[in-house]
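A.B. asks: sequence? don't have it. structure:
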């Protein structure tokens, strides 16, 4: 976690990075906890993820919203050069 409570991932090639899809997942986990248990820490954690997503959203000329992955990523024989967009981090 960073100092604000947003998760980061550590990878031997990239070091410590923000992964937008992971942040979305963590936010949804906390939203689920809040909705089931009504606990304030989960609500706060969810809203921290929303804040990060709002601050890091990129609005494209066609109106779509994306969250770039700002690190290079090797997938099999394909090198994704930063910034690249994961299909799991688009808002239609």
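C.D. replies: That came through fine. Values in this document were obtained by computation on a predicted structure and should not be read as measured data.

A.B. asks: C-alpha from now on. contacts and neighbour counts both.
C.D. replies: Will do.

A.B. asks: Tell me which stretches of the protein form strands.
C.D. replies: 9-11, 15-17, 58-59, 65-69, 73-75, 78-80, 84-91 (DSSP state E).

A.B. asks: so which of those is the most packed in?
C.D. replies: Ranked by mean neighbour count, these are led by strand 65-69 with a mean of 20 (mean count of other C-alpha atoms under 10 Å).

A.B. asks: Can you tell me the strand partners of that one and which way each runs?
C.D. replies: With DSSP bridges as the criterion, the sheet partners recorded for strand 65-69 are strand 58-59 (antiparallel), strand 84-91 (antiparallel).

A.B. asks: Confidence-wise, which of those is weakest overall?
C.D. replies: Lowest mean pLDDT within these: strand 84-91, at a mean of 66.

A.B. asks: List the contacts of stretch 34-44.
C.D. replies: Counting by C-alpha atoms under 8 Å, 6 or more residues apart in numbering, the neighbours of stretch 34-44 from elsewhere in the structure are 30, 31, 33.

A.B. asks: what does stretch 74-82 contact?
C.D. replies: The set of residues that contact stretch 74-82 without belonging to it, under C-alpha under 8 Å, 6+ apart, is 68, 69, 70, 71, 72, 73.

A.B. asks: Quick check: the two most widely separated of those residues?
C.D. replies: Between any two of the contacts of stretch 74-82, the greatest separation by C-alpha to C-alpha is 12.2 Å, found for 68 and 73.

A.B. asks: and residue 19, what are its phi and psi?
C.D. replies: Dihedral pair for residue 19: phi -120, psi 110, per degrees, to the nearest 10.

A.B. asks: That one against residue 69, yeah?
C.D. replies: Yes: in terms of C-alpha atoms under 8 Å, residue 19 counts as a neighbour of residue 69; the distance is 6.3 Å.
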